[in-house]
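In: A predicted structure for the sequence below; I have some questions about it.
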Amino acid sequence: MTYSDSRTRLLRGLTIAAAVLFVIGLYLALFWVGPERQQGAAQRIFYVHLGSFLGSFIAFGATVVAGIAYLRTRDPKWDTFGLANVEIGLGMAAITIVTGMTWARPIWNTWWTWDPRLTSVTIMWLAYAAYLMLRSGIEDPERRQRFAAVYGIIAFASVLFTIIIIRVRPDTIHPVVAGPTQADPTGSFEVSGRIRDTLFFNLFTFAVITVVLVWYRIRLENLTQHVMRRKLEVLSEL
């Protein structure tokens, strides 16, 4: 068995594991855990909401690692790794925003409010959407990769801002999973018993899903680049 075959088998195993974990996580969130004391059944959305945010955090954090590694080595594989993580991170962040809006409708009686947390998440999403648009406008591969590496590192500030703002702004109404905030010194979200276990299980599940999706995106990008190289070789022979 070659190294490539072993990686393919590992990816298939992780894919099956991710699918099984996702099904179990949904069952726990919808049927096993009871409603939260303050939010009722609407709180079940938070298991996907928080899981997808963790997924985006992991992906955007990996983009920083990719950017630093590329600037040190100039190896294009790190650019591919960073690009894959940004795209998957954007998808996870979009799930975070949509599920947050879905939760807000029964709890806040509105689909959207310019709460500091919601605004900061939107800014984060736009920052990484700009990453894709801006890099696509640079034709020179080396300049594009260098720009993407630097931008991917700087853009992570928007992720940290999203995490910190809910704990320092006294006017936010967004609940916090654990610990006090300026808005609610006693904490505003009950995490214990089955709620805690279901939350941690879904956080782990989305972490695994993120890794699997990034891996598939890297393989797709490598295949795309291989096809482009072959196409150029054929055209040069004509």
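Out: Sure, I can see it. Numbering: from 1, shown residues only.

In: what helix or strand does the residue most central in space within the chain sit in?
Out: The structure's the chain has its C-alpha centroid closest to S56; by CA atoms, centre = their mean the separation is 1.5 Å. Assessed by DSSP states H and E, S56 sits inside helix 45-73.

In: go through that helix and flag the buried ones.
Out: Residues 45-60, 62-64, 66-67, 69-70 are the ones in helix 45-73 that count as buried (16 or more other CB atoms under 10 Å). Heads up, the C-betas are built off the backbone N, CA and C, glycines and all.

In: which other helices and strands does that helix contact?
Out: Applying 3 or more CB pairs under 8 Å, 6 or more residues apart in numbering; DSSP states H and E, we find helix 45-73 packed against helix 76-108, helix 116-136, helix 141-168, helix 193-237.

In: which other helices and strands contact the second one?
Out: In this case it means helix 116-136. Here helix 116-136 touches helix 45-73, helix 76-108, helix 141-168, going by 3+ CB pairs under 8 Å, 6+ apart.

In: any weak-confidence spans in the protein?
Out: 1-4, 36-38, 167-192, 238 (pLDDT under 70).

In: other residues contacting stretch 147-160?
Out: Contact with stretch 147-160 is made by 56-57, 60-61, 63-64, 66-68, 70-71, 78-79, 82-83, 86, 120, 123-124, 127-128, 131, 134-135, 138, as judged by CB atoms under 8 Å, 6 or more residues apart in numbering.

In: let's see it at 7 Å
Out: Stretch 147-160 has contacts (CB atoms under 7 Å, 6 or more residues apart in numbering) with 57, 60-61, 63-64, 66-68, 70-71, 79, 82-83, 86, 123-124, 127-128, 131, 134-135, 138.

In: re the thing from before, select, out of the helices and strands packed on helix 116-136, the one closest to T224.
Out: Closest of these to T224 is helix 76-108, at 9.7 Å (criterion: CB to CB).

In: quick check: buried residues in that closest one?
Out: Across helix 76-108, burial judged by 16+ other CB under 10 Å covers 78-93, 95-97, 99-101, 103-104, 107.

In: what angle do helix 193-237 and that helix make with each other?
Out: Comparing the axes of helix 76-108 and helix 193-237 via axes from the mean of the first three to the mean of the last three CA atoms, to 10 degrees yields an angle of 140 degrees.

In: what's the angle between helix 76-108 and helix 45-73?
Out: Put simply, helix 76-108 runs at 160 degrees to helix 45-73, going by the same axes, to 10 degrees.
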